[in-house]
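[1] Below are the sequence and a predicted model; questions follow.
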Amino acid sequence: MAILVVGSVAFDTIETPHGKREKILGGAATHFSLAASYFTPVRVIAVVGEDFLAEHEAVFTRRGIDTRGIERAPGLSFHWTGAYAGTLNEAETLGTELNVFEKFEPKIPVAYQDSEYLFLANIDPVLQAQVRSQMRNVRMVCGDTMNYWIKDHSSNLAKVLRELDVLLINDGEARMLSGESNAVRAAAKVLSMGPKSLVVKHGEYGATAFFCNRSFAGVDDPSPFRAPALPLAEVVDPTGAGDSFAGGFYGYIASQPKLTPAVFRRAMFYGGVMGSFAVERFGIERLQDVSREEINERFNLFREISHLGDEEI
Ligand code: AMP
């Protein structure tokens, strides 16, 4: 089942304790699509500038990702500059140049209109809402956002939140969106804004799913569910880990016939698997070239580290 994703396709300038890279291919939709492409067909809606070359498009097409919805416009592509100083868990944004995204009006190609799953990756909530309104018949809608949009675009974001089955954000974003520092109270407040469930990503510590009281995905019990992250000896560049988590999570869900509580829980693990690949090298270097065997191997490692045998209870 195909996922349609709208979000940033960008060039990133990144500094981490392991080095610096200038204007490498990145963007929320890019990381998401690559991660999801290992599970299900992916179609992208975005805009890029004249600096987006055939070699950049090939990163998508090599993974079978449909790029017909990537529009080209005069000017430069979105450019994000970020650094990870003290903690590798959260980026410090040093610059956000929206460039061609400033005047973007998303249009859905006819060939995309039968997409059953919609992902509103990190981008201006106005654009997320425009795509959502053109895709009324999808089976499921998931979305992401970040502090940049939470801070100054909150009323536009509020409209998007009401439309979501799952919102995926990190700890800092959950605190900022809710104004609550306690994780449980923050989750309850975010859920009261509309999403049927909330996945809070804790960087190297895994992710927690919270559910609203309405029945969703066959989940009648609203207790939270926590999936661990794989302890990694070396994190080179955390950029895109969150989007890759979302790609693994949603890609797995879209590959399954039905969303059940077990599928949701397994999807949290596949999210962790794809996030763990993303951080091993700069940008998309690792994510563009993973094998199915490596994914399965890592999924099994995740299962092993979370296993609590009955005999120990
Ligand atoms: P994350 O998965 O949270 O590390 O996402 C990193 C990606 O988000 C980078 O590749 C950036 O290009 C992209 N990004 C950064 N800021 C924004 C923004 N304000 N809107 C959309 N995308 C962004």
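    Alright, I've got the coordinates.

[2] Secondary structure element holding the residue nearest the centre of the chain?
    For the chain, the residue nearest the mean C-alpha position is residue 243 (2.8 Å; C-alpha atoms, centre = their mean). The secondary structure element spanning residue 243 is helix 241-255 (assigned by DSSP states H and E).

[3] what about that helix, average pLDDT?
    Per-residue pLDDT over helix 241-255 has a mean of 97.

[4] Skipping adjacent residues, who's closest to residue 248 in space?
    Once flanking residues are discounted, residue 248 sits nearest to residue 274: 3.1 Å by C-beta to C-beta, 6 or more residues apart in numbering. For glycine as for every other residue, the C-beta is placed from the backbone atoms N, C-alpha and C.

[5] Return the distance of the one you found relative to residue 286.
    Separation of residue 274 from residue 286 (C-beta to C-beta, to the nearest Å) stands at 10 Å.

[6] Counting neighbours, go ahead and name the busier of those two.
    Taking other C-beta atoms under 10 Å, residue 274 and residue 286 do not tie; residue 274 has more neighbours (30 against 20).

[7] got the phi/psi numbers for the more buried one?
    phi -70, psi -40 (degrees, to the nearest 10).

[8] how many other residues sit next to the residue nearest to residue 229 when sequence neighbours are not counted?
    Distances taken as C-beta to C-beta, 6+ apart place residue 206 nearest to residue 229, at 4.3 Å, with adjacent residues excluded. Per other C-beta under 10 Å, the neighbour tally for residue 206 reads 21.

[9] shift numbering so it begins at 566
    Yep, numbering from 566; the last one is residue 771 now.

[10] Residue 771 contacts residue 796, correct?
    No - look at residue 771 against residue 796 with C-beta atoms under 8 Å: they stay out of range, at 10.3 Å.

[11] Quickly list what the closest residue in space to residue 648 that isn't next to it in sequence is bridged to.
    Closest residue to residue 648 apart from its sequence neighbours, by C-beta to C-beta, 6+ apart: residue 580 at 4.3 Å. Beta-bridge pairing for residue 580 (DSSP bridges): residue 585, residue 648.

[12] ok, residue 580 - contacts?
    The contact partners of residue 580, by C-beta atoms under 8 Å, 6 or more residues apart in numbering, come to 647-649.

[13] what does residue 587 give?
    Counting by C-beta under 8 Å, 6+ apart, residue 587 has contacts residue 578.

[14] a helix runs through it, doesn't it?
    No - using DSSP: H, G, I helix; E, B strand; the rest coil, the assignment for residue 587 is strand, not a helix.

[15] one step back: ok now do the residue nearest to residue 813, which residues does it touch?
    600, 603, 809-810, 812-813, 816, 852, 855, 860.

[16] Check the contact between residue 718 and residue 689; I expect there is one.
    Yes - counting by C-beta under 8 Å, residue 689 is a contact partner of residue 718 at 6.8 Å.

[17] Tell me which of those two has more neighbours.
    Between residue 718 and residue 689, residue 689 has the larger neighbour count (other C-beta under 10 Å), namely 21 against 15.

[18] For that one, give its distance to the ligand.
    The spacing between residue 689 and the ligand, counted by C-beta to the nearest ligand atom, to the nearest Å, is 7 Å.

[19] my guess is that residue meets residue 713, correct?
    No - Residue 689 lies out of contact with residue 713 (C-beta under 8 Å); the separation is 9.3 Å.

[20] Many thanks, have a good one.
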